[in-house]
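Asker: whatever this is, show me its structure:
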Amino acid sequence: MSHPTFTPAGTGTSARGARIADARLYLCTDARTGPGDLESFVHAAFAGGVDIIQLRDKSIGTADELAALEIVARVAREHEKLFAVNDRADVAALTGADVFHVGQQDLTPAQARRLLGDNVVIGRSTHTIDQARAAQLDPEVDYFCTGPIWETPTKPGRAATGLGFVADVAGSEDPSATPWFAIGGIDEQRLPQVLEAGAQRIVVVRAITQADDPEGAARRLRAALP
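Answerer: Numbering: from 1, shown residues only. Predicted structure coming up:
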């Protein structure tokens with residue numbers, strides 16, 4: 001399966017930077033096999049202002065994941081937005097993913113870059129200030145995530161890092177720093193605290209996936225972001 005990739009002018013590091021620099025709202029969703037509305041949901045989320053959608057669903061097999069990603073990729077192209085694959089570089093390669101995200105126990109960013117090439121945006125999860133600083137210094141990391149700020153059912157057993165972690169990362173930032181997203185339990189009610197701690201970009205899950213009006217929920221979150 002191959003898809004044309006939405007890419008600004010240029011290649012390599014400069015193109016990756018351009019693709020991620022303006023992103024503010026990043027959504028992780030499952031394949032929505034229950035309601036069976038993945039395509040319309042992804043359309044709504046992008047229309048509401050989501051910049052990146054990552055499909056993350058451990059309950060489905062590879063064939064179903066590829067089929068779901070084909071939908072996400074096609075809709076992303078229509079909206080000229082980005083789509084992301086989590087953990088699996090083979091799936092990222094097969095779907096022509098714009099973004100590939102790795103955790104601390106997954107492939108290293110350097111290994112992912114070797115497999116996926118120079119134009120894929122690579123992100124990494126961080127849970128401590130040392131991991132965040134390492135991500136900032138890693139030339140293969142195009143963005144990183146800090147959290148989970150609050151405990152969340154999407155990451156069972158993962159202790160909350162708290163808003164202090166966000167403040168620590170924000171305090172160490174410089175104008176040329178790697179973009180980063182706060183993640184973990186963020187919703188409309190908690191967003192002001194996250195922004196006050198210094199974050200400018202966020203990753204959400206239930207704030208949009210469980211909303212009665214996903215487009216409206218995305219629009220309100222995006223309007224609150226700088």
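Asker: only C-alpha atoms for contact and neighbour calcs from this point on.
Answerer: OK.
Asker: where does F46 sit, in terms of helix or strand?
Answerer: Element membership of F46 [criterion: DSSP states H and E] is helix 38-48.
Asker: and that helix, which residues are buried?
Answerer: Neighbour counts using 16 or more other Cα atoms under 10 Å place L38, E39, F41, V42, H43, A44, A45, F46, A47, G48 of helix 38-48 among the buried residues.
Asker: nearest to R220, of those?
Answerer: R220 has its nearest neighbour among these in G48, at 8.1 Å by Cα to Cα.
Asker: helix/strand/coil for the residue positioned nearest the centre of the chain?
Answerer: With the centre of the chain defined as its mean C-alpha position, the nearest residue by Cα atoms, centre = their mean is Y26, 4.7 Å away. When states are read from DSSP: H, G, I helix; E, B strand; the rest coil, the local structure at Y26 comes out as strand.
Asker: ok, now H101?
Answerer: Of the three states, H101 takes strand under three-state DSSP.
Asker: could you give the number of residues near it?
Answerer: Other residues near H101 number 25, with proximity taken as other Cα atoms under 10 Å.
Asker: which residues touch it?
Answerer: With contact set as Cα atoms under 8 Å, 6 or more residues apart in numbering, H101 has these partners: A84, V85, N86, D87, I122, G123, R124, S125.
Asker: E196 too?
Answerer: Taking Cα under 8 Å, 6+ apart as the criterion, E196 is in contact with no other residue.
Asker: that one sits in which helix or strand?
Answerer: Following DSSP H and E, the helix or strand that holds E196 is helix 191-197.
Asker: in that helix, which residues are buried?
Answerer: Of the residues in helix 191-197, those with enough neighbours to count as buried (16+ other Cα under 10 Å) are L191, V194, L195, A197.
Asker: can you redo these as CSV with pLDDT and distance to D64?
Answerer: Output for these, formatted as CSV (pLDDT from 0 to 100; distance: Cα to Cα, whole Å):
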residue, pLDDT, distance to D64
L191, 98, 33
V194, 98, 35
L195, 98, 37
A197, 97, 39
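Asker: which secondary element of the protein has the worst mean pLDDT?
Answerer: Between all helices and strands in the chain, the lowest mean by mean pLDDT, DSSP states H and E belongs to helix 12-21, at a mean of 85.
Asker: which strands or helices does that one pack on?
Answerer: Under the contact criterion of 3 or more Cα pairs under 8 Å, 6 or more residues apart in numbering; DSSP states H and E, helix 12-21 touches strand 121-126.
Asker: how far away from the center of its chain is the helix or strand following the strand it packs on?
Answerer: Remark: after strand 121-126, the chain's next helix or strand is helix 129-137, criterion DSSP H and E. When C-alpha coordinates are averaged (Cα atoms, centre = their mean, to the nearest Å), helix 129-137 and its chain have centres 18 Å apart.
Asker: what's the end-to-end length of stretch 206-215?
Answerer: Stretch 206-215 has an end-to-end distance of 13 Å (Cα to Cα, to the nearest Å).
Asker: returning to what we had before: quick check: bridge partners of the residue nearest to the centre of the chain?
Answerer: I52, V203 (DSSP bridges).
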